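[1] got a predicted structure plus its sequence, pasted below:
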Amino acid sequence: DQAIAAFLEMQGVPFTGCGSSGLLLCKHKGISKKILGYHRIHVPEFALIPRGKKPTRPKRLKFPILVKPLKEEASLGISQASFVENDDLFRERVLFIHEKWLQDVIAEEYIEGRELYVSVIGNHRLRVFPIRELVFREVPPDEPKIATYKAKWDEEYRRRWGLENQFAEGLEANLTRRIEDVCKRIYHLLTIDGYGRIDLRFKASGEVYFIEANPNPILAADEDFAASAMKAGLAYPQLIEQILRNGLTATRE
């Protein structure tokens, strides 16, 4: 997708959504975390394990760990088996991703906390919509709460484990403003424009951790982005019109 956006930019053709640089930076989960970590935004401790390299865990990376494809989207390649607690399982999962998904691996510290989704729209002046959350109602307290592929897209699986996307509850006004400010910084630092969604983990101790950024998130009327816009008073036709206007007025080089 970044190649198509780059071609349109070279031709001076307006288009909706994010430009090529934002698409590139967000797709590479390692680069995005390096950039944000440099700017003192909390990111999980992580390591990259390229294909062809021995699947050895760096000693600075402590268990439990999530092992994921480096450049996939929509939680592809993420399952309960991605959560590993010893070196044997770590090596097994790294090799599985190398061989099945033909991708490098990002292995990152598992952050225990609430799974928050923050929708942002705009180019330079940004608007943050009400925060959504993936809740895990039936998952036992000692089990990891992970936004796996099934957790996002398998309705039977979601019903069985009580998984539901809803508006985040119990966030104080000061905390909400802090999350909004962090997400605006992330949006600008990763050169996102048009519209995007920032995925976070909020720890019980109060820290907000960046997990990943999603330029051009799904726009279905019943998905998180449109639901957040509606909650903010922006009806679906007006949301689409705003995205079109953002595309027509974006300045890209």
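    Yes, it's here. Numbers count the residues shown, from 1 in each chain.
[2] could you list the low-pLDDT ranges of the protein?
    Counting by pLDDT under 70, the ranges of the chain that qualify are 253.
[3] can you pull out the strands in it?
    46-49, 65-69, 83-84, 105-109, 114-122, 126-128, 132-136, 163-167, 195-202, 208-215 (DSSP state E).
[4] possible to save these as TSV with distance to residue 39 and mean neighbour count?
    In short, each C-beta sits where N, CA and C put it, glycine included. Converted to TSV, the strands of the chain look like this (distance: least, Cβ to Cβ, whole Å; neighbours: other Cβ atoms under 10 Å):
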stretch	distance to residue 39	mean neighbour count
strand 46-49	16	19
strand 65-69	23	23
strand 83-84	28	20
strand 105-109	18	23
strand 114-122	17	23
strand 126-128	17	18
strand 132-136	25	20
strand 163-167	28	15
strand 195-202	14	24
strand 208-215	10	22
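[5] can you tell me what sits against stretch 235-248?
    For stretch 235-248, contacts defined as Cβ atoms under 8 Å, 6 or more residues apart in numbering pick out 14-17, 121-123, 193-195, 219, 221, 226, 229-230, 234.
[6] which residues touch residue 230?
    236, 239.
[7] by neighbour count, which of the contacts of stretch 235-248 wins?
    Among those, residue 195 has the most neighbours (other Cβ atoms under 10 Å), with 29 neighbours.
[8] now that residue: closest residue in space that isn't a chain neighbour?
    residue 121 (4.5 Å; Cβ to Cβ, 6 or more residues apart in numbering).
[9] what's the distance between that neighbour and residue 239?
    Distance of residue 121 to residue 239, computed by Cβ to Cβ, to the nearest Å: 8 Å.
[10] where do the contact lists of these two overlap?
    Contacts common to residue 121 and residue 239, judged by Cβ under 8 Å, 6+ apart, are residue 229.
[11] list the buried residues in stretch 20-30.
    20-30 (16 or more other Cβ atoms under 10 Å).
[12] from residue 67, how far out is the residue lying closest to residue 94 once chain neighbours are set aside?
    Ranked by Cβ to Cβ, 6+ apart and with sequence neighbours excluded, the top spatial neighbour of residue 94 is residue 55, at 3.7 Å. Going from residue 55 to residue 67 by Cβ to Cβ gives 9 Å.
[13] cool, and residue 211?
    For residue 211 relative to residue 67 (Cβ to Cβ), the value is 14 Å.
[14] before we move on, what about residue 9?
    Distance from residue 9 to residue 67, by Cβ to Cβ: 35 Å.
[15] still on that earlier bit, now render the strands of the chain as JSON lines, adding distance to residue 96.
    Formatted as JSON lines, these follow (distance: least, Cβ to Cβ, whole Å):
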{"stretch": "strand 46-49", "distance to residue 96": "12"}
{"stretch": "strand 65-69", "distance to residue 96": "8"}
{"stretch": "strand 83-84", "distance to residue 96": "11"}
{"stretch": "strand 105-109", "distance to residue 96": "9"}
{"stretch": "strand 114-122", "distance to residue 96": "24"}
{"stretch": "strand 126-128", "distance to residue 96": "37"}
{"stretch": "strand 132-136", "distance to residue 96": "24"}
{"stretch": "strand 163-167", "distance to residue 96": "24"}
{"stretch": "strand 195-202", "distance to residue 96": "23"}
{"stretch": "strand 208-215", "distance to residue 96": "20"}
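[16] tell me where the chain has helices.
    Shown for the chain, the helices assigned by DSSP state H span residues 2-11, 20-27, 29-38, 87-96, 149-153, 155-161, 173-189, 224-231, 236-249.
[17] now the last one: buried residues?
    If I follow you right, that is helix 236-249. 239-240, 242-243, 246-247.
[18] what's the burial count for residue 74?
    Neighbour tally, residue 74, other Cβ under 10 Å: 12.
[19] residues contacting it?
    149, 152-153.
[20] ok, 10 Å please
    Applying Cβ atoms under 10 Å, 6 or more residues apart in numbering to residue 74 gives the contacts 149, 152-153, 214, 217-218.
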